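**Student:** Pasting a predicted model and its sequence here:
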Amino acid sequence: MLIDTHAHLYYGSFQPDLDQVIRRAKDANLKAIINIGTDLESSKKSIELESSQIQLYSSIGIHPHEATQYSKSRQMSSDRGSNVQLEQIYTRDPEKVVAVGECGLDYFFNDAIASTSASLSINSAWQSQVKKLQRQLFLDQINLAKKLNLPLIIHCRDSWADIFLPELQGTTGVFHSFTATETEAKKALDLGYYLGLSCIVTYPKNEHLRQIIKWAPLNRLLTETDCPFLPPQTQRGQRNEPANITEVIKVIARMKSLSEDQITQAVWQNTTQLFRLPTNPAS
Ligand SMILES: [Zn+2]
C-alpha cells in the first residue's frame, strides 16, 4: 500500500486527464493521496477533490510565497484573517483534513527578485520585510496546527538557518521534499519530524540525499511526489504524477538494502501514524 503524501492534483495541468492519473496511481498500488493546499483557494480545492478509486485527503495551508498578500488581510482584521478562513475550510470536512501546510519559509524567491532590481539597499530592506511576513504567516499556521491538533507540512527553501522556531516544540510533521544536508536532517529528526522524500532522490546529483536515506531511521521517512513538479530522473521535463512514488520506494529500498515490499510497508505505517489515517482504507 503506497501513499503520496504531497500532491497538487487540483492544478490545471491535471484537469484534462485526472481520472487516468488516479487510475495509474491505483494500478501502481497507491491507496491514498494527500493533496496540499498552498493558499485559501487551493486548500478549498484540495478538500473538494473526490475519487471513487482512491482515498483522497487534504491539507489546509498558505505557502510562504503568499506572505505579502496575506499580511494585508491580517492587518485589516483583528482575528488573524487567513487563520480564521483556513479554520473555516477545515470545518467543512474535518475528517478529510489531515495536516496544516504547506507553510514555512522560502528565501529563494527573495533572491530571485533581488537579482532583478537595481538598488541593493532597498532590496535588503525589502527582503527582511518579506522574511518577517513569512515568519508571521508560518507562526500563525503553527498555532493553527496546535489548535486543531494536526501535523505540519513544512516547506523550507534556502531558509534552514531560520526554520527551527522555538514555537515548533511540541508539534509534529514533515519537512516536505527534503533537500538539505545531514545537519538539518538531524535537527528535523531531533524535533520529532519526518523527512519527506520526493522523486528528486533519483537525480544523479543528489547522492548526498541518498546517503541521508541510508542512515536516517526508516520509521521517519515518508514518500511524496509534489506533482506536477519534480518528476523522477526518467521523466525529466514532464509532468510528475502520484504513480511515480514507486521510483522513490526503489531508491529507499536500494539504500536500505531491503525489499521494496518492506519499504512500502514501513512507509505506510509511518504515514498512517503521522497523519492518523486508518491503517486499512476501504477500496
Ligand atoms: Zn508542494
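**Tutor:** Received it, and whenever you're ready, just let me know what you need. Just so it is clear, the structure is predicted and the values come from calculations on it, not from any experiment.

**Student:** Need the residue closest to the centroid of the protein.
**Tutor:** Centroid-nearest residue in the chain, with CA atoms, centre = their mean: residue 176, separated by 4.2 Å.

**Student:** List the contacts of that one.
**Tutor:** The contact partners of residue 176, taken as CB atoms under 8 Å, 6 or more residues apart in numbering, are 5-6, 36, 101-102, 153-155, 196, 198, 224, 226. Every residue, glycine included, has its C-beta placed from N, CA and C.

**Student:** Nearest residue to it in space, please, no chain neighbours.
**Tutor:** Spatial nearest neighbour of residue 176, chain neighbours left out: residue 196 (4.1 Å); criterion: CB to CB, 6 or more residues apart in numbering.

**Student:** wait, the one you found sits on residue 5?
**Tutor:** Yes - contact criterion CB atoms under 8 Å: residue 196 and residue 5 qualify, at 6.3 Å.

**Student:** The two: which is more packed in?
**Tutor:** With neighbours defined as other CB atoms under 10 Å, residue 196 and residue 5 compare such that residue 5 has more, 30 against 24.

**Student:** Quick one: mean pLDDT over whichever strand or helix holds that one.
**Tutor:** Per DSSP states H and E: residue 5 is located in strand 2-7. On average, the pLDDT along strand 2-7 is 98.

**Student:** Check which residues of it are buried.
**Tutor:** Neighbour counts over strand 2-7 (16 or more other CB atoms under 10 Å) mark 2-7 as buried.

**Student:** what residues does it touch?
**Tutor:** 25, 28-36, 102, 153, 174, 176-177, 196, 198, 222-227, 242, 245-246, 249, 264, 267-268, 271, 275.

**Student:** Tell me which helix or strand comes right after it.
**Tutor:** As assigned by DSSP H and E, the chain's next helix or strand after strand 2-7 is helix 18-27.

**Student:** angle of that following helix against strand 2-7?
**Tutor:** Angle of helix 18-27 versus strand 2-7, following axes from the mean of the first three to the mean of the last three CA atoms, to 10 degrees, is 140 degrees.
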